[in-house]
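Undergrad: when you get a sec, could you give me coordinates for this:
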Amino acid sequence: GRVVSVNFGFGIPGGIPALAQRAGVTYWGSVEQGLHNGLLFDGPMFGAARDPDAILPSVEQFDFYSGGGIDTAFLGMGEMDGAGNVNVSMMGGTLVGPGGFVDITQTARKVVFCGAFEAKGLAVAVVDGRLRIERAGAVPKLVEAVAQVTFSGNEARRQGQEVLYVTERAVFRLGARAVELVEVAAGIDVERDVLARMRFRPEVAATLGRFRPAGDGAPSPG
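TA: So this is what the prediction gives:
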């Protein structure tokens, strides 16, 4: 069958290629720096790869992206709101810019935003297959209105894009009318750990899924 073309962004999404490789998932992977396939590196080495199949100049890479070359994009998420908007370009009152985020998100058929549920001090641990909040973050990331709209939920609906928002404790999707909570991690109390700590009220799926968090029991800072 057809191989899915996947883009990976910096941050949490940068760790996905290694997980996919261990799981034996087949895809055509790329990053905005121009690399296609190979062993894509994470962390400070993000944007480099071992044995890539192709290295394109940045302008040609974005021609590929703008021309509809991405099926699914995994990207970071600074903050999101109840309209499904995402901000990555204005953080803490500082303009950091969108980078290639806009070009990638506007043409990908499916967009998966990945980020921590809260910032500044969040620490979680996985104990016996259940997620435990060791320390809450001081800064909410699911807000009433994002500081800057880098990705528009309404425009995504108009284009018919599939959009997911994935955090360590909950997964949301862009519904026809509102953002919908569709899954929570095992060990998480929906009202206490999710809904009460958001600045907007999402719709909640009639059948709420549960996922088993990955981890070795060590606290993970956010």
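Undergrad: ok, the closest residue to residue 74 other than its chain neighbours - contacts?
TA: Using Cβ to Cβ, 6 or more residues apart in numbering and skipping the chain neighbours, the partner closest in space to residue 74 is residue 13 (3.8 Å). Glycine gets a C-beta too; all of them are placed from N, C-alpha and C. By Cβ atoms under 8 Å, 6 or more residues apart in numbering, the residues touching residue 13 are 74-76, 112, 114.
Undergrad: check residue 42 too.
TA: Counting by Cβ under 8 Å, 6+ apart, residue 42 has contacts 14-15, 17-18.
Undergrad: tell me which of those fall in helices.
TA: 17-18 (DSSP state H).
Undergrad: name the residues of stretch 48-65 that are buried.
TA: 49, 52, 56, 61-62, 64-65 (16 or more other Cβ atoms under 10 Å).
Undergrad: actually stretch 152-167, sorry about that
TA: Counting neighbours by 16+ other Cβ under 10 Å, stretch 152-167 gives 152-153, 156-157, 161, 163-167 as buried.
Undergrad: for residue 206, state which of those residues is nearest.
TA: Proximity of those to residue 206 (Cβ to Cβ) peaks at residue 164, which lies at 17.9 Å.
Undergrad: would you turn the buried residues of stretch 152-167 into a markdown table with pLDDT, distance to residue 80 and secondary structure?
TA: Output for those, formatted as a markdown table (pLDDT from 0 to 100; distance: Cβ to Cβ, whole Å; DSSP: H, G, I helix; E, B strand; the rest coil):
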| residue | pLDDT | distance to residue 80 | secondary structure |
| --- | --- | --- | --- |
| 152 | 98 | 12 | coil |
| 153 | 98 | 9 | helix |
| 156 | 98 | 12 | helix |
| 157 | 98 | 15 | helix |
| 161 | 98 | 15 | coil |
| 163 | 99 | 10 | strand |
| 164 | 99 | 11 | strand |
| 165 | 99 | 6 | strand |
| 166 | 98 | 11 | strand |
| 167 | 98 | 9 | coil |
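Undergrad: now, the most widely separated pair of those residues?
TA: Across the buried residues of stretch 152-167, the longest distance by Cβ to Cβ is 21.2 Å; it joins 157 and 167.
Undergrad: counting contacts, what elements does the lengthiest strand in the chain pack onto?
TA: Ranked by residue count and defined by DSSP state E, the top strand of the chain is strand 203-211. Applying 3 or more Cβ pairs under 8 Å, 6 or more residues apart in numbering; DSSP states H and E, we find strand 203-211 packed against strand 179-185.
Undergrad: give me phi/psi at residue 101?
TA: Reported as degrees, to the nearest 10, the phi and psi values for residue 101 are phi -60, psi -50.
Undergrad: need the contact list for it.
TA: Listed by Cβ under 8 Å, 6+ apart, the contact set of residue 101 reads 9, 75, 88-89, 150-151.
Undergrad: now residue 56
TA: Neighbours of residue 56 in contact, by Cβ under 8 Å, 6+ apart: 34, 36, 64.
Undergrad: in helices, which of those fall?
TA: residue 64.
Undergrad: would TSV of the contacts of residue 56 with pLDDT and distance to residue 195 be doable?
TA: Output for the contacts of residue 56, formatted as TSV (pLDDT from 0 to 100; distance: Cβ to Cβ, whole Å):
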residue	pLDDT	distance to residue 195
34	97	42
36	98	41
64	97	40
